[in-house]
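S.K.: how would this look folded up:
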Amino acid sequence: MTFESYFQALFLTLTIELSVAYFLGYKSKKALISVVCVNLISHPIFCYFLWINLTLDIIRINYFSMISLEVIITLLESLLLYYALKQKYLLMLNLSFAMNFTSFVIGLLIFKDTL
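M.R.: Residues are numbered from 1 along each chain as shown. Predicted structure coming up:
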């Protein structure tokens, strides 16, 4: 992954996940900034793992491994949102799931030929 493609993926992720959060009623400045900050933490971790795996060929990247990584990222993001927004954890888990599910599906549609 080049820097350019990384930043394109980050921009796409932020656009999708901010849109989902806004659509679900998280419209305050604090909520939207929290979504951005959470993604600025989780997105590089996710991409770094994919890059390391591509370099060292640790596990085969397929739909199962991608979904497994998305579950881990969803849980991480829900915890970060819980601490940032001080709302019930189940609400933050639902928000994180909705954002990540949407970005995952759109990502699959856009990048289906690279998986």
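S.K.: which parts of the helix or strand of the chain with the lowest mean pLDDT are buried?
M.R.: Of all helical and strand segments in the chain, the minimum by mean pLDDT, DSSP states H and E falls on helix 29-56, at a mean of 89. In terms of neighbour count (16 or more other C-beta atoms under 10 Å), helix 29-56 has its buried residues at 31, 34-35, 38-39, 42-43, 46-47. All C-beta atoms are positioned from the backbone trio N, CA, C, and that covers glycine.
S.K.: Nearest the middle, which residue of the protein would you pick?
M.R.: residue 100 (5.1 Å; C-alpha atoms, centre = their mean).
S.K.: these two touch, right, that residue and residue 17?
M.R.: Yes - between residue 100 and residue 17 there is a contact under C-beta atoms under 8 Å: 7.5 Å.
S.K.: can you give me the strands in the protein?
M.R.: In the chain, no segments count as strands under DSSP state E.
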